[in-house]
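Q: With the sequence up front, the predicted model follows.
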Amino acid sequence: MLARQRQFAERSRLSAVYFFYFACLGALLPYWSLYLQHLDFTADQIGELSAVLLGTKIIAPGVWGWVADHTSKQMRWARVAVFAGMCIFSMVLLVRGYWPLLLVLAGFGFFWNAALPQFETTTMNHLHDDKYLYSRIRLWGSIGFIASVSILAPVLQNQGIGLLPWAILVILFCIWINTLLVQDKPSGTKHAAKASLLKTCLDPSVLALLVAAFLIQMSHGPYYTFFSIYLEEHGYSRTAVGQFWSLGVVAEIILFFMAYRLLPRFGAKYLLMLAMLLTALRWWMIAMFADNLPVLLLAQLLHAASYGLFHASAIYLIDQYFSGSIQGRGMALYSSISFGLGASLGSLMSGYTWNTVGSSEVYMLAMAIAALALVQYVWLARPVWKRVRRRNGTV
């Protein structure tokens, strides 16, 4: 009984960190560009100041992952990263010029983007043999995102967008306080203590997963960058746009709640392939049926697959493939390749093609990229499927 209470307390503390971490994203993603506009920056400058946060996500996780792996103290370095990021972000209150703010955001991004991969590693270590329960903890991040967006909308409307940096600092402080309550947990895997990062990455199944993560996040570029504009172009109100976004996150939460049953029953690899197939279907539906409300609502419900199911399955596999001395770097590599490089290139691609080839055609291109992710995954991981069939087991 005492052990179960201790386990519940540990998982509650992990859930709290996810809640506040993604609550911070709920403050940054919808409102940061509005704050920069409030400071009279041009559209080009707003794009560059926003992009620097994605750019640091390509580099920072790998650097901090190497440090964490060589000390086996993932949570300690996650705390340091959050605290340093909070201190640097506080300078936003003091600077107003383009270059000073760019430097502040680059420093903030270098620490901020380093924290989550190490915390993900700590979470999987705490779960140990119950790693399929990861999604039940991670869903609190999605709840935090919705709570932040919902609470800040009326506050910033009434008090002004200038309050945003203060709100973000309060949330960052809450993240840091909660990281102090989470203890480091060493990996239970000892046989992989001398594993080679390069050798692991070149394994066909691992390479296929990393390429798929890159392509799937790249295919999300038009969605994250232009979905709101796309909806307004087709006559939807801004209230409806916000409801579409909320619907997607709610679907994601429901998926995270159910994933702990799906993973052990169907296997992470098969769920990953299903997620990629449904992602391609989602972009096709958005491209072809933007004026059809029921179809568009169904497409938004598929956010449960394109983000929730894919991420839950990928994290489960990354934890299996990268263990021991490369555990933190494996999680960091996944973050850098997918949410860093993939998301950045996806945003650039959609920006450069939106007005030249047409908005619907951009979503068709996203569909092709998602389909390519599935095809290469099945092709590269083919030896794995053969071994699985010979064993008559599940992966």
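A: In hand now; what should we look at?
Q: can we go C-alpha only for contacts and neighbour counts from here?
A: OK.
Q: show me the contacts for the residue nearest to the spatial centre of the chain.
A: Closest residue to the average C-alpha location of the chain: F339 at 5.9 Å, with Cα atoms, centre = their mean. The contact partners of F339, by Cα atoms under 8 Å, 6 or more residues apart in numbering, come to L54, K57, F214, Q217.
Q: Please state the mean pLDDT value computed over the longest helix along the chain.
A: Secondary structure of the chain read by DSSP state H shows that its longest helix is helix 2-38. Model confidence over helix 2-38, given as mean pLDDT, is 84.
Q: And the average pLDDT for the helix or strand following that helix is what?
A: Using DSSP states H and E, the helix or strand that directly follows helix 2-38 along the chain is helix 43-71. This predicted structure assigns helix 43-71 an average pLDDT of 75.
Q: What are the buried residues along helix 43-71?
A: 46, 49-62, 64-69 (16 or more other Cα atoms under 10 Å).
Q: tell me what that helix is packed against?
A: Here helix 43-71 touches helix 2-38, helix 74-89, helix 98-127, helix 327-335, helix 343-357, going by 3 or more Cα pairs under 8 Å, 6 or more residues apart in numbering; DSSP states H and E.
Q: what angle separates that helix from helix 327-335?
A: Put simply, helix 43-71 runs at 160 degrees to helix 327-335, going by axes from the mean of the first three to the mean of the last three Cα atoms, to 10 degrees.
Q: can you give me the angle helix 43-71 makes with helix 74-89?
A: Using the same axes, to 10 degrees, helix 43-71 lies at 150 degrees relative to helix 74-89.
Q: Compute the inter-axis angle for helix 43-71 and helix 98-127.
A: When the same axes, to 10 degrees is applied, the directions of helix 43-71 and helix 98-127 differ by 40 degrees.
Q: got the angle between helix 43-71 and helix 2-38?
A: If you take the same axes, to 10 degrees, helix 43-71 sits at 150 degrees to helix 2-38.
Q: Could you name the helices and strands sitting against the longest helix of the chain?
A: Packed next to helix 2-38, using 3+ Cα pairs under 8 Å, 6+ apart, are helix 43-71, helix 134-159, helix 164-179.
Q: Mind doing that once more with 10 Å?
A: helix 43-71, helix 98-127, helix 134-159, helix 164-179 (3 or more Cα pairs under 10 Å, 6 or more residues apart in numbering; DSSP states H and E).
Q: what distance separates the second one from the centre of its chain?
A: This means helix 98-127. Here the centre of helix 98-127 is set off from its chain's centre by 12 Å, with Cα atoms, centre = their mean, to the nearest Å.
Q: Next, the buried residues of that helix.
A: 101-102, 104-127.
Q: now the angle from it to helix 134-159?
A: 150 degrees.
Q: for the contacts of F339, which one is nearest A275?
A: Distance to A275 across those (Cα to Cα) is lowest for Q217, with 12.3 Å.
Q: Now do the same contact list for that closest one.
A: Counting by Cα atoms under 10 Å, 6 or more residues apart in numbering, Q217 touches 224, 306-307, 337-347, 366, 369-370.
Q: what helix or strand does it sit in?
A: Element membership of Q217 [criterion: DSSP H and E] is helix 204-219.
Q: Please name every helix or strand in contact with the helix or strand following that helix.
A: Going down the chain from helix 204-219, the next helix or strand is helix 221-233, by DSSP H and E. Counting contacts by 3+ Cα pairs under 10 Å, 6+ apart, helix 221-233 packs against helix 238-266, helix 268-288, helix 343-357, helix 359-380.
Q: got CSV for those helices, with mean pLDDT too?
A: Formatted as CSV, the helices and strands packed on helix 221-233 follow (pLDDT from 0 to 100):
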stretch, mean pLDDT
helix 238-266, 84
helix 268-288, 96
helix 343-357, 82
helix 359-380, 94
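Q: Turn these into a markdown table, columns for mean neighbour count and distance to L180.
A: Compiled in a markdown table, the helices and strands packed on helix 221-233 are given as follows (neighbours: other Cα atoms under 10 Å; distance: least, Cα to Cα, whole Å):
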| stretch | mean neighbour count | distance to L180 |
| --- | --- | --- |
| helix 238-266 | 18 | 25 |
| helix 268-288 | 23 | 32 |
| helix 343-357 | 18 | 30 |
| helix 359-380 | 22 | 39 |
